[in-house]
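[1] here you go, sequence then predicted model.
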Amino acid sequence: MVHEEIPISDRKLTIVLKLGTSSICDEITHFPLLANLSHIVETIVKLKNMGHRVVLTTSGAVGVGMRALDMDSKPDELAKKQALAATGQGKLMSLYESLFEQFKLPTAQILLTKGDLADHTRYKNARNAIEELFISGVVPIVNENDTISVNEIRFGDNDTLSAITAGIVQANYLFLLTDVDCLYTDNPRSNPEARVVSKVTDIGELKATINVTSPGSAVGTGGMVTKLIAAELATAAGVNTIITRGSEPERVFDIIRYYEGGEISQGSVPLHTCFVAHTTPMLDRKWWILHGINTVGTIVVDDQVEETLAQSTADNPCPICSDQIVRIEGDFQPNQGVVVAVEKPMNANGELGTVVIAKGLVNYSSKELNRIKRVTDVTPVLGYGDSNRAIEYENLVPLV
């Protein structure tokens, strides 16, 4: 185990640890992996004793529920999976509470759905609640509320949830603790030529050079693909994202020391992959618009808007205006999320298709926008409204 007397960092860090189902319960028997869970808890306790703020994002409710109900395989039916989650969530939290209780460390359960974060007030409430737990010395344990989640409001996997959580708390590090040491160029279990990917600064470039198509475990939902998605979300928010083996959580100490410029206890940094945080992370509200809200419609605009958005800055803001709108797709109300798209030829025959260039919150409903598209002065048409801005600059996130 790592030497406790070696400090991780002089600065106090906010760290999110994501633990997958395969690190929580056996893939076949579904019995809890008590030794591994105890190891994780000890790691969190030591991090907190060093003055760091720690959030545990956990999977495992369905897996624990399968054991409780003596089920061999995860069902396909949504209601049955929700019932398993309801059965397993309490047992999973009880397990964590009993382990943390040995160190007299209180825990708090936070269950989220994507719908909870679609409203900016509720998004900020989640942040404020976790902040208060930090102040009170409590370990927040975050999981998706699988009991009530449906496909439309699911994060999809807890890798994504952990990235969203890391963004909410403005973490310094997100650790995706999994059943492999790091990211490889291919599946090392089937390809002995697979190489370690140690550091990633451009995830888009990485995707073009590696194979990450292998699925997750039989009790989990994620594979390496979901971890790349999580890394994209987290690094955009300014969070360094690490993939490393969950059965050896003490790696966290030396990995952080390595990136914080400290002394490594064992002489060499443990095997891992680091996705480097963006040097100019997206502002909190913009990041929430891009990753926290669901989109319920599309605004198709002139193709010239794409170039305008690419040059848009805080000093030269370019909102989406009514006279730029070609058509509206979907049924939505003011302040709901939409994507902005342009029409482009998609093949040699010149057939048109839409390409998304931005995401934002609208000022007007779909019915209102249908009336004022291609219109500069909206007041004579609507009889109200003092702005032709369909989406304000501060509510718009360009993707070009």
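    Yep, it's here. Computed from a prediction, not measured in an experiment: that's the story for all the values here.

[2] C-alpha only now, for contacts and for neighbours.
    Will do.

[3] buried residues in stretch 376-388?
    By 16 or more other CA atoms under 10 Å, the buried positions in stretch 376-388 come out as 378, 388.

[4] got the CA positions of it in CSV?
    What follows is stretch 376-388, C-alpha atoms only, in CSV (Å, rounded to 0.1, in the frame of the first residue of the first chain):
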residue,chain,number,x,y,z
THR,A,376,-36.4,41.0,-39.0
ASP,A,377,-39.0,43.0,-37.0
VAL,A,378,-41.0,40.5,-35.0
THR,A,379,-43.3,42.9,-33.1
PRO,A,380,-45.8,43.5,-36.0
VAL,A,381,-46.0,39.8,-36.6
LEU,A,382,-46.4,38.6,-33.0
GLY,A,383,-47.9,41.7,-31.5
TYR,A,384,-45.3,41.5,-28.8
GLY,A,385,-41.6,40.8,-28.4
ASP,A,386,-38.8,43.4,-28.5
SER,A,387,-36.1,41.2,-29.9
ASN,A,388,-35.6,39.1,-33.1
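
[5] in contact with the closest residue to residue 283 other than its chain neighbours, which residues?
    In space, and not counting its chain neighbours, residue 283 is closest to residue 237: 7.5 Å by CA to CA, 6 or more residues apart in numbering. With contact set as CA atoms under 8 Å, 6 or more residues apart in numbering, residue 237 has these partners: 167, 170, 277, 278, 281, 282, 283, 284, 287.

[6] isn't residue 145 right up against residue 112?
    Yes - counting by CA atoms under 8 Å, residue 145 does reach residue 112; the two are 5.2 Å apart.

[7] returning to what we had before: show me which of the contacts of residue 237 are buried.
    The neighbour count (16+ other CA under 10 Å) marks 167, 170, 277, 278, 282, 287 as buried among these.

[8] which of those lies closest to residue 259?
    Using CA to CA, residue 277 is the member of those that lies nearest residue 259, at 11.9 Å.

[9] I'd guess the closest one is in a helix, am I close?
    No - counting by DSSP: H, G, I helix; E, B strand; the rest coil, residue 277 is not found in a helix; it is coil.

[10] quick thing: my sequence starts at 198, can you match it?
    With the count now opening at 198, the last piece we talked about shows up as residue 474.

[11] what residues are up against it?
    When contacts are counted by CA under 8 Å, 6+ apart, residue 474 touches 398, 431, 432, 433, 434, 435, 436, 437, 438.

[12] determine which two of those residues are furthest apart.
    For those, the maximum inter-member distance is 14.0 Å, found between 398 and 434 (CA to CA).

[13] circling back: now the contacts of residue 434 in a markdown table, with distance to residue 294, secondary structure and pLDDT?
    Output for these, formatted as a markdown table (distance: CA to CA, whole Å; DSSP: H, G, I helix; E, B strand; the rest coil; pLDDT from 0 to 100):
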| residue | distance to residue 294 | secondary structure | pLDDT |
| --- | --- | --- | --- |
| 364 | 25 | helix | 91 |
| 367 | 25 | coil | 93 |
| 474 | 32 | coil | 94 |
| 475 | 35 | coil | 90 |
| 478 | 35 | coil | 85 |
| 479 | 35 | coil | 83 |
| 480 | 35 | coil | 77 |
| 481 | 32 | helix | 80 |
| 484 | 33 | helix | 87 |
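
[14] is it possible to get CSV of the residues you listed that adds distance to residue 528?
    CSV is the format used below for these (distance: CA to CA, whole Å):
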residue, distance to residue 528
364, 30
367, 34
474, 36
475, 35
478, 32
479, 29
480, 28
481, 27
484, 24
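
[15] burial count for residue 548?
    By other CA atoms under 10 Å, the residues close to residue 548 number 10.

[16] looking at it, residue 431 is touching residue 358, isn't it?
    No - the pair residue 431 / residue 358 is not scored as a contact, 10.2 Å apart, by CA under 8 Å.

[17] for those two, work out which one has more neighbours and name it.
    Using other CA under 10 Å, the more surrounded residue of residue 431 and residue 358 is residue 431, with 32 against 25.

[18] so which of the contacts of residue 434 comes closest to residue 560?
    For the contacts of residue 434, the closest approach to residue 560 (CA to CA) belongs to residue 484, at 18.9 Å.

[19] give the contact list for the closest one.
    Residue 484 is in contact with 433, 434, counting by CA under 8 Å, 6+ apart.

[20] ok, 7 Å please
    Residue 484 makes contact with residue 434, according to CA atoms under 7 Å, 6 or more residues apart in numbering.

[21] which stretches of the protein form helices?
    Counting by DSSP state H, one finds helices in the chain at the ranges 231-246, 258-265, 275-298, 311-315, 317-332, 355-365, 400-404, 421-433, 448-457, 481-488, 501-507, 563-569, 576-579.

[22] span of stretch 361-374 from start to end?
    Across stretch 361-374, the terminal residues are separated by 16 Å (CA to CA, to the nearest Å).

[23] same question but for stretch 238-258, I mixed them up
    17 Å.

[24] next: stretch 525-542.
    The straight-line separation of the ends of stretch 525-542 (CA to CA) is 19 Å.

[25] for stretch 300-313, same thing?
    Across its full length, stretch 300-313 reaches 32 Å between end residues, using CA to CA.

[26] and what of stretch 510-518?
    Start and end residues of stretch 510-518 are separated by 16 Å (CA to CA).

[27] pLDDT on that stretch, on average?
    Averaged over stretch 510-518, pLDDT sits at 91.

[28] buried residues in it?
    For stretch 510-518, a neighbour-count test (16+ other CA under 10 Å) marks 515, 516, 517, 518 as buried.

[29] next one: stretch 249-265
    By neighbour count on 16+ other CA under 10 Å, the buried set for stretch 249-265 is 249-264.
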